[in-house]
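Asker: Sequence first, then the predicted structure:
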Amino acid sequence: MKRILFIAMIALMSSGCITISKFNRSTFEINEGYLSIKNINENIEKQMPLIEKVGTNEVKILSATLFASKDPHRLVVEVEFIFTSFEIPEGLPAVAQFNTSITYNTKTHNFTLSQIKLMRIRYLKEELLEYLLPQQRKFIPDALKAKLKEIILYKSKRELKTIKKIEVKEGQIKVTF
């Protein structure tokens, strides 16, 4: 029996998918793993549209797509949304890009976006920008950040530790716990 367990442990460590730090009879601890950006984007798509409404101001997120960033320890999320208000009832379509990372909630076992920082917003109907009030210009990125934090990227079946670092390359996110 010990020989079978030893062979299984060697096979798991050589596969590169997980690293075992301690091995007791029935428990092992995962120190690193991989998340597929393609699978995360599919999970995000299932949760769309997301709507944040305050008074007559409404931000409706139509899609959000996760990409690798130039920085291997960060990600970029591109968000397509429509802003509507009393002044702009027909809606102002736009695209925003955020620099972000991911976090793991040890209670819910969910991976979510964290450290979300706005890079830029590009409004697609520039002729409507004159109707955009200063409070609304502040509301839009705040509403987008709040909704992005709610998106569940991946739900783990295992209980993991908090994330120490991530490294993004070749469509995969290497997560170190």
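Answerer: Looks like it came in fine. Numbers count the residues shown, from 1 in each chain.

Asker: Quick one: residues contacting residue 82.
Answerer: 59, 60, 62, 91, 92, 93, 94 (C-beta atoms under 8 Å, 6 or more residues apart in numbering). Heads up, the C-betas are built off the backbone N, CA and C, glycines and all.

Asker: Now for these: which two are most distant?
Answerer: 62 and 92 (12.8 Å; C-beta to C-beta).

Asker: tell me the pLDDT at the nearest residue to residue 163 once chain neighbours are set aside?
Answerer: Nearest residue to residue 163, sequence neighbours excluded (C-beta to C-beta, 6 or more residues apart in numbering): residue 104, at 5.1 Å. At residue 104, the predicted lDDT confidence score is 85.

Asker: if we can go back for a sec, the more surrounded of residue 62 and residue 92?
Answerer: residue 92 (22 against 13; other C-beta atoms under 10 Å).

Asker: from memory residue 148 sits against residue 78, does it?
Answerer: No - assessed by C-beta atoms under 8 Å, residue 148 is found out of contact with residue 78, at 11.0 Å.

Asker: With neighbour numbers in mind, choose between these two.
Answerer: A direct count of neighbours by other C-beta under 10 Å for residue 148 and residue 78 places residue 148 higher, at 21 against 14.

Asker: List the contacts of the host helix or strand of that one.
Answerer: Assigned by DSSP states H and E, residue 148 belongs to helix 134-150. Applying C-beta under 8 Å, 6+ apart, the contact partners of helix 134-150 are 50-52, 54, 57, 59, 61, 64, 77, 79, 81, 83, 85, 94, 96, 98, 100, 112-114, 116, 118, 121.

Asker: Give me the buried subset of these.
Answerer: Taking 16 or more other C-beta atoms under 10 Å as the criterion, what is buried in these is 50, 52, 57, 59, 61, 64, 77, 79, 81, 83, 85, 94, 96, 98, 100, 112-113, 116, 121.

Asker: Show me those that map onto strands.
Answerer: 50, 52, 57, 59, 61, 64, 77, 79, 81, 83, 94, 96, 98, 100, 112-113, 116, 121 (DSSP state E).
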